[in-house]
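*Asks:* With the input below, show me the fold.
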Amino acid sequence: MTVPLRAALYLRVSTARQAEHDVSIPDQKRQGETYCASRGYQLVETYVEPGASATNDRRPEFQRMIEAGTSKPAPFDVVIVHSFSRFFRDHFELEFYVRKLAKNGVKLVSITQEMGDDPMHVMMRQIMALFDEYQSKENAKHVIRALKENARQGFWNGSLPPIGYRVVAAEQRGAKVKKKLEIDPLHAETVRLIYRLALHGDGAKGQMGVKNIVSHLNRNRIFTRDGGRWGIGQVHRILTRRTYMGEHEFNKRAKSKELKPVSEIVVVPVPPLINRETFDAVQALLKARHPTVTPSAVISGPTMLTGLIHCAKCGGAMTIRTGKGGRYRYYACSMKARQGPTACEGMAVPMDKLDDLVASHLEDRLLQPERLETILATVLDRRQERSERQHEHIGELNRRAAESEARLKRLYDAIEAGVADLKDPALKDRIDGLKAIRDQAKADAERAQAMLENSGGKAVTPQMVRTLAETARRHIRLEGGGYRRDHLRALAQRVEVADGEVRIMGSKSRLLQILTGKNSVNSVPTQGLKWRTGWDSNPRWAHTHGGFQDRCLKPLGHPSHESTTCQLTLRPTPLSRRHGRETLVQDRDAAHAFAMKAREQQANPAAGRRLFKKTYPARRRGWLT
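*Replies:* So this is what the prediction gives:
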């Protein structure tokens, strides 16, 4: 008695809509079962792929079938498909998996395209696979053409809309319903808030970066559309998506996530959530903060005017040049240094003289209360206008909440009077929608009111201006000579050097942010290098500490971890900063090693220091005290 061959059915349709509404899957299954019965095959497994493209192998059921078919022993002898296009629409991939199954003794059989094993039939199968691949690409071409035309007419082609928008029916064309995007009142204010935080801040401090915006949203329990917490990627996509200024880009990326040519992108007009000026300003801020544009060395380097000073003749940056073996330092035009005198005649200015000139001018001219009040007058007027607009916005939110509350009350009255049926699902959806609009409007109004009050509490007064001037003049110079670069860079954003004059330029809005900041000029953000000022990534201390100073270097879990037998006090000094981050890490590890050795010898802290000083070169321990 012959043993019947074991068969597995593989059924597939291309989209989830086909799987839900089409009859293809049941028909494929019926034909497969009939085919097995007519050939005497034993049907042992059925793999159903409801909505997956056959142009690639990223299909869960397909992979499960291949894994089973290549295992030893294989649970089936034959894989049956309605046609080879159900298995693959890529001739190379089809042959690859056919041969992979054949190595394990499993054969691929098509119900409608029966083939043998001789070379002639193998060639025919490959030709049919080429036609299937060609048909798939032609279909894709016609589908994308139709989608692009639909987008040109301003309709939405599907997928989840951006946060702040929702999909609504626009018109009926035969059996099809054309859809468009409209502003979602539940989440639109969140998007506007993100742009306001990026451009103006929260009223307590200046402009926020992406990370600070994420922290602000999560700290204030402003959730995403799905009720989750915000992430950096989500906020960055909102800040860079042109949809929010009324230009949604369709067909921007291919399946591989690569950008398509501009000629293939279709711009769909949608209701804007923000104006173009706001969007462009945010893009300029993001670009300016990018490390490739403004490297950390520009902010945290030792040169006061790095990144600020420019040649007035050519507009190029001025960089440091030295003379007499480094005894003298100059700001010189980089264009002349790179391209010669034909690019720019250039000039060289002694660094110490120009630094002193800029700092003195800021002290004597800018940081005077009368001068600051004159400069900030127009900015304060605009601030007042913005405050009035915020009041109007809060009033609109309160009206929206009151209107939703009134509609809910009328619905409740209708239910009590027996006019409306509480079991009606449409009525229930309507009540839920009005509640959501009311609650969201109240929450948005409360947040806007809190921001307004916070900003109002920072109103600029003559006393604040005098305090800023006095504090900045007192702190702009260091006690041992030199200047506080963060203070200078907060007051001046560009310095141009020309023959006989130096032009210092700054931003009025930036000056106002400093004036209303929490710590005045001390609140200027920097990009300084941070060497784990808090807990290390692999903590070695059994007690909490406040930063880089006065750490007790003891291994975690050591029997004497509660005692203070050995201590090394670390304080960063100019010498350690000159060595840089790598030296600090090496020095720290060396300090740990010697601290451990001192503890083993029952030494006191002074002995530990003597041991370290004796072994470690003095020129490498600028931070040890």
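*Asks:* Please enumerate the strands of this structure.
*Replies:* 6-13, 42-50, 78-81, 107-110, 165-173, 176-183, 247-250, 266-269, 309-311, 318-323, 328-333, 348-350, 494-498, 501-505 (DSSP state E).
*Asks:* who touches the fourth one?
*Replies:* Judged by CB atoms under 8 Å, 6 or more residues apart in numbering, the contacts made with strand 107-110 from elsewhere in the structure are D77, V78, V79, I80, V81, H82, S83, F84, F87, V98, L101. (Each C-beta comes from the backbone N, C-alpha and C, glycine too.)
*Asks:* Closest one of those residues to S256?
*Replies:* F87 (23.1 Å; CB to CB).
*Asks:* Need the pLDDT of the closest one.
*Replies:* Looking at F87, its pLDDT reads 89.
*Asks:* Would you mind measuring from the closest residue to it other than its chain neighbours to G69?
*Replies:* Of all residues not flanking F87 in the chain, V81 sits nearest, at 4.8 Å (CB to CB, 6 or more residues apart in numbering). V81 is 13 Å from G69, where distance means CB to CB, to the nearest Å.
*Asks:* ok, now L11?
*Replies:* Taking CB to CB, one finds L11 at 16 Å from G69.
*Asks:* Any stretches of the protein with poor pLDDT?
*Replies:* 1, 16-23, 203-206, 291-304, 377-384, 451-462, 475-487, 489-490, 509-625 (pLDDT under 70).
*Asks:* So which elements touch the longest helix that it contains?
*Replies:* When the chain is parsed with DSSP state H, its longest helix is helix 369-416. Under the contact criterion of 3 or more CB pairs under 8 Å, 6 or more residues apart in numbering; DSSP states H and E, helix 369-416 touches helix 425-456, helix 462-475, helix 508-516.
*Asks:* again, 10 Å this time
*Replies:* Here helix 369-416 is seen to pack against helix 188-199, helix 425-456, helix 462-475, helix 508-516 when contacts are counted using 3 or more CB pairs under 10 Å, 6 or more residues apart in numbering; DSSP states H and E.
*Asks:* can you give me the helices in the stretch 101-250 of the chain?
*Replies:* Using DSSP state H, counting those that start in this stretch, the helices of the stretch 101-250 of the chain run over 119-152, 188-199, 210-219, 232-240.
*Asks:* which of those is buried the deepest?
*Replies:* Comparing the helices of the stretch 101-250 of the chain by mean neighbour count (mean count of other CB atoms under 10 Å), helix 188-199 ranks first with a mean of 22.
*Asks:* Output the contacting helices and strands for it.
*Replies:* Against helix 188-199 (3+ CB pairs under 10 Å, 6+ apart) you get strand 165-173, helix 210-219, helix 232-240, helix 276-289, helix 369-416, helix 425-456.
*Asks:* list the buried ones in the fourth one?
*Replies:* Neighbour-count burial for helix 276-289, with 16 or more other CB atoms under 10 Å as criterion, is recorded at T278, F279, A281, V282, L286.
*Asks:* now what about that helix, what contacts it?
*Replies:* Here helix 276-289 makes contact (CB atoms under 10 Å, 6 or more residues apart in numbering) with 192, 194-196, 198-200, 207-210, 236, 238-242, 244-247, 272-275, 293-294, 525, 527.
*Asks:* Could you report the distance from the spatially most central residue of the chain to T240?
*Replies:* Nearest to the mean C-alpha position of the chain, counting by CA atoms, centre = their mean, stands G233 at 2.9 Å. Distance of G233 to T240, given as CB to CB: 11 Å.
*Asks:* Mutual contacts of these two, please.
*Replies:* Common neighbours of G233 and T240 (criterion: CB under 10 Å, 6+ apart): V210.
*Asks:* one step back: most tightly surrounded among the helices and strands packed on helix 369-416?
*Replies:* Neighbour counts (mean count of other CB under 10 Å) averaged over each of the helices and strands packed on helix 369-416 peak at helix 188-199, with a mean of 22.
*Asks:* Only alpha carbons, please: show that helix as PDB.
*Replies:* C-alpha atoms of helix 188-199 as PDB (Å, rounded to 0.1, in the frame of the first residue of the first chain):
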ATOM      1  CA  ALA A 188      -4.400  70.700  17.200                       C
ATOM      2  CA  GLU A 189      -3.500  72.800  20.200                       C
ATOM      3  CA  THR A 190      -0.800  70.300  21.200                       C
ATOM      4  CA  VAL A 191       0.900  70.700  17.900                       C
ATOM      5  CA  ARG A 192       0.700  74.500  18.200                       C
ATOM      6  CA  LEU A 193       2.100  74.200  21.700                       C
ATOM      7  CA  ILE A 194       5.100  72.300  20.400                       C
ATOM      8  CA  TYR A 195       5.900  75.000  17.900                       C
ATOM      9  CA  ARG A 196       5.400  77.700  20.500                       C
ATOM     10  CA  LEU A 197       7.800  76.000  22.900                       C
ATOM     11  CA  ALA A 198      10.400  75.600  20.100                       C
ATOM     12  CA  LEU A 199      10.100  79.300  19.000                       C
END
